[in-house]
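Student: coordinates only, no sequence provided:
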Ligand SMILES: Nc1ncnc2c1ncn2[C@@H]1O[C@H](COP(=O)(O)OP(=O)(O)O)[C@@H](O)[C@H]1O
Ligand SMILES: [Mg+2]
């Protein structure tokens, strides 16, 4: 696999000062992942000033497989892994990870949080924040951990950047904090010492006490917008003195609701500017136009300084198609015939809001699952990939098919009931943005019933509309 050579600003980013931290922002398709690999290769190269072992870290396992596929052969000095495998490995090396079940998993976490909410509701019956759903608390406690707050005072004083649900300082936050403490108490009675969101604070605590030399001279982060400030801090602290952290991210694609992670993390850029990529190398103009329109919808717009406005690319291609199918069976028929018609020569991805919607649409086809846990290597050959939007993050396909765009699926009912409408819309629109921008050349959007309100205004000419009755 040969990586494209850097062009323009990309070039400078690869060769940024290796003794300082750097932040590179850019929207989808601007070459962040490609340059993250180039940068890692550069920093590991024996001829580079200040070279040393490099950790290239990213969000999910599918993306690790993709990076492994893209990395040039023979670069032994580069380790590629997810943050959670770095954190688990490090805590384990420090003797701080139980042999089994050391991290509370989804179901256990939810059960512990529900227990904690019950406990605090019994103490404070009535209306108010305690009537919110467990899903909301799970998210809020995760956010608190990700910010690294350890006292109620810090939480009370926090500005909720990137989070739209207003939660005023005062009683409401006191109650949330009580739930957090009850949750931690309940968890301390189990084998689990951590959850995914407080792993980073544990890493930081260990790093602070660790007398051994650091393993990595440099750390490069791809998809950094989804890392919490605590994760970013832990990575900045994990590099050798004199080493560097290079952060690549796109806040349009922040799909885990943390928001503004590198700023909150207090990364010191020594007064140097943030690098911004604006040229899109992945999508055709027609697809980029839709993505740009999506990023300007009320749900996604207006999130401040770290959103980079892209330049539309010039590559030509067909307009995206939006098809209203008569019913689910007809929708599946259309999706499958389109997938089959192209999979012989192209990479085709069927992406939907959930696994079941995506696999439901692909049922009976031969396909590969975008499932990081079971993906042993990235397979670049033509064929069909299937997965939820989340799993497609960072990847690209010639042809993307997005079924089930009806309003009953988007926003997802669980998200719609856990958050207020603006926050639910913002989260779900960013997911759609991630999915749309995976398409290199061709995009097919399908739905039955009524279209989701999260897409841009229908009469905008961004797509060709038709019916498949
Ligand atoms: N300088 C370049 N010249 C040609 N193609 C490029 C260049 N930089 C990136 N690309 C291509 O553009 C696409 C998007 O790049 P990628 O690094 O995945 O973007 P991002 O991570 O910002 O979404 C990839 O197919 C990549 O090979
Ligand atoms: Mg990328």
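Tutor: Ah, there it is. Just so it is clear, the structure is predicted and the values come from calculations on it, not from any experiment. Ligands and ions are numbered 1, 2, ... in the order given.
Student: going forward, measure contacts and count neighbours with C-alpha atoms only.
Tutor: OK.
Student: skipping its backbone neighbours, what lies nearest residue 294 in space?
Tutor: residue 456 (5.5 Å; Cα to Cα, 6 or more residues apart in numbering).
Student: I figured that neighbour was touching residue 292, is that so?
Tutor: No - look at residue 456 against residue 292 with Cα atoms under 8 Å: they stay out of range, at 9.6 Å.
Student: look up which helix or strand the closest residue to residue 369 other than its chain neighbours falls in, please.
Tutor: The spatial neighbour of residue 369 that comes closest, neighbours along the chain excluded (Cα to Cα, 6+ apart), is residue 386 at 5.0 Å. In this assignment (DSSP states H and E), residue 386 forms part of strand 383-388.
Student: next one: residue 62
Tutor: Assignment of secondary structure by DSSP H and E places residue 62 within helix 61-70.
Student: now the element after that helix, going C-ward?
Tutor: Using DSSP H and E, the helix or strand that follows helix 61-70 towards the C-terminus is strand 78-82.
Student: roughly how far out does the helix or strand that that next one is followed by sit from the chain middle?
Tutor: Helices and strands here follow DSSP H and E; after strand 78-82, the next one along the chain is helix 83-93. Helix 83-93 has its C-alpha centroid displaced from the chain centroid by 19 Å (Cα atoms, centre = their mean, to the nearest Å).
Student: next one: stretch 412-422
Tutor: Between the mean C-alpha point of stretch 412-422 and the mean C-alpha point of its chain there is a distance of 19 Å (Cα atoms, centre = their mean).
Student: same question for stretch 372-392.
Tutor: 16 Å.
Student: gap between whatever residue of the stretch 51-200 of the chain ends up closest to ligand 2 and residue 222?
Tutor: Of all residues in the stretch 51-200 of the chain, residue 63 sits closest to ligand 2, at 8.7 Å by Cα to the ion. Using Cα to Cα, to the nearest Å, one gets 9 Å for the distance from residue 63 to residue 222.
Student: look up phi and psi at the residue nearest to residue 294.
Tutor: Its backbone dihedrals place residue 456 at phi -60, psi 170, with angles given as degrees, to the nearest 10.
Student: do the same with the one 3 residues further on
Tutor: For residue 459, the backbone dihedrals (degrees, to the nearest 10) come out as phi -80, psi 20.
Student: so is stretch 37-46 next to ligand 2?
Tutor: No - for stretch 37-46, no contact with ligand 2 is found by Cα under 5 Å from the ion; the gap never falls below 10.3 Å.
Student: so what touches that stretch?
Tutor: Contacts to stretch 37-46, defined as Cα atoms under 8 Å, 6 or more residues apart in numbering, come from residues 13-15, 18, 48, 50-56, 67, 70-71, 75, 77-78, 218-220.
Student: so the helix holding residue 62 versus helix 83-93, what angle?
Tutor: Taking axes from the mean of the first three to the mean of the last three Cα atoms, to 10 degrees, helix 61-70 and helix 83-93 form an angle of 90 degrees between their directions.
Student: pLDDT on helix 61-70, on average?
Tutor: When pLDDT is averaged along helix 61-70, the result is 95.
Student: give the other helices and strands that that helix contacts.
Tutor: Contact here means 3 or more Cα pairs under 8 Å, 6 or more residues apart in numbering; DSSP states H and E; on that basis helix 61-70 packs against strand 78-82.
Student: quick one: list the elements packing against the strand it packs on.
Tutor: Using 3+ Cα pairs under 8 Å, 6+ apart, the elements in contact with strand 78-82 are helix 32-44, strand 54-58, helix 61-70.
Student: now do the buried residues in it.
Tutor: Across strand 78-82, burial judged by 16 or more other Cα atoms under 10 Å covers 78-82.
Student: mind checking the end-to-end distance for stretch 143-156?
Tutor: Across its full length, stretch 143-156 reaches 13 Å end to end, with Cα to Cα as the criterion.
Student: give me the mean pLDDT for that stretch.
Tutor: The predicted confidence, averaged over stretch 143-156, sits at 94.
Student: quick check: longest strand in this structure by residues?
Tutor: Longest strand in the chain by number of residues, with DSSP state E as the criterion: strand 239-249.
Student: not counting that strand itself, show me its contacts.
Tutor: By Cα under 8 Å, 6+ apart, the list of residues contacting strand 239-249 from outside reads 18-26, 32-33, 36, 50, 213-225, 235-236, 262.
Student: could you redo the last one with a cut-off of 6 Å?
Tutor: Defining contact as Cα atoms under 6 Å, 6 or more residues apart in numbering, one finds that strand 239-249 is touched by 18-25, 214, 216-225, 236.
Student: in which helix or strand does residue 444 reside?
Tutor: When secondary structure is defined using DSSP H and E, the element that contains residue 444 is strand 439-447.
Student: need the next SSE after that strand, C-terminal direction.
Tutor: Remark: after strand 439-447, the chain's next helix or strand is strand 464-468, criterion DSSP H and E.
Student: helices or strands up against that following strand?
Tutor: The criterion is 3 or more Cα pairs under 6 Å, 6 or more residues apart in numbering; DSSP states H and E, and the helices and strands that strand 464-468 contacts are strand 321-325.
Student: the strand holding residue 444: partners in the sheet, and parallel or antiparallel?
Tutor: strand 321-325 (parallel), strand 397-402 (parallel) (DSSP bridges).
Student: okay, the ones you listed, which one's buried deepest?
Tutor: Between the strands paired with strand 439-447, strand 397-402 has the highest mean count of neighbours, a mean of 25, where neighbours are mean count of other Cα atoms under 10 Å.
Student: so for that one, mean pLDDT?
Tutor: Throughout strand 397-402, pLDDT has a mean value of 98.
Student: can you tell me what sits against it?
Tutor: Judged by Cα under 6 Å, 6+ apart, the contacts made with strand 397-402 from elsewhere in the structure are 346-352, 439-445.
Student: find the nearest non-adjacent residue to the residue in the stretch 351-469 of the chain positioned nearest to ligand 1, please.
Tutor: When Cα to the nearest ligand atom is the measure, the stretch 351-469 of the chain has its nearest residue to ligand 1 at residue 394, with 5.9 Å between them. Of all residues beyond its chain neighbours, the one nearest residue 394 is residue 63 (6.5 Å), with distances taken as Cα to Cα, 6+ apart.
Student: many thanks, I have nothing further to ask.
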